[in-house]
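Visitor: Here is my input; please provide its structure:
(one chain, ligands or ions: 2)
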Amino acid sequence: MILPERIVSILGEERAVERVYENGYTCPFCGYAVLFEQAPVVTSEGYEAHCGNPVCPAGPTTVAAARERIAAWKEERRRREEHEARLRAMDARIAWERERRAAELAEWRRLADEEGYCLECLSRTNGRRRVRHKTYAH
Ligand SMILES: [Zn+2]
Ligand SMILES: [Zn+2]
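Guide: Ligands and ions are numbered 1, 2, ... in the order given. A predicted model of the protein is given here:
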């Protein structure tokens, strides 16, 4: 057992260990008597908790719960951002497609008005058939 000189809470706050006894020390955060054989406690996340009190900011349960909440919150934020990015990409794609279509229609209209091509044939064949009919008949 190594006596920690300072204890770090889940928020990163450090406090010096001042009261040391033969069999343990007092937690500088909560005043809990930590026995040498009980601490440090290594949690499943690998965190070294120097206080055994589960509701202490330097305690193992608090740390594990806070980490879980933070991880869940980050995952939730990541998903939301991904979703928003997908929506933005879709909006951009729709806007681009609408612009392209408008430009295409404008070009067919110009071909019809200025060059005398049949607008109906242009639009029906997606711009491939360019004809000038002598009489209006298809
Ligand atoms: Zn404590
Ligand atoms: Zn035509």
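Visitor: drop to CA atoms for contacts and neighbour counts, all remaining ones
Guide: Fine.
Visitor: Say whether ligand 2 is contacted by the helix or strand containing residue 96.
Guide: For residue 96, the enclosing helix or strand under DSSP states H and E is helix 60-115. No: judged by C-alpha under 5 Å from the ion, helix 60-115 stays clear of ligand 2, getting no closer than 10.3 Å.
Visitor: distance of residue 118 from residue 112?
Guide: In this structure, residue 118 and residue 112 are 6 Å apart, going by C-alpha to C-alpha, to the nearest Å.
Visitor: repeat for residue 31
Guide: Here residue 31 is placed at a distance of 88 Å from residue 112 (C-alpha to C-alpha).
Visitor: Looking at these two, which one has more neighbours?
Guide: Taking other C-alpha atoms under 10 Å, residue 31 and residue 112 do not tie; residue 112 has more neighbours (18 against 13).
Visitor: Spit out the contact partners of that one.
Guide: Neighbouring residues of residue 112 by C-alpha atoms under 8 Å, 6 or more residues apart in numbering: 118-119.
Visitor: how many neighbours does residue 60 have?
Guide: Residue 60, neighbours per other C-alpha under 10 Å, totals 26.
Visitor: ok, now the one 4 residues further on?
Guide: Counted with other C-alpha under 10 Å, residues neighbouring residue 64 total 19.
Visitor: How about residue 56?
Guide: 20.
Visitor: next one: residue 52
Guide: Around residue 52 there are 20 residues (other C-alpha under 10 Å).
Visitor: wait, doesn't it sit right on residue 62?
Guide: No: the pair residue 52 / residue 62 is not scored as a contact, 10.2 Å apart, by C-alpha atoms under 8 Å.
Visitor: Quick check: residue 21 vs ligand 2, distance?
Guide: Distance of residue 21 to ligand 2, computed by C-alpha to the ion, to the nearest Å: 100 Å.
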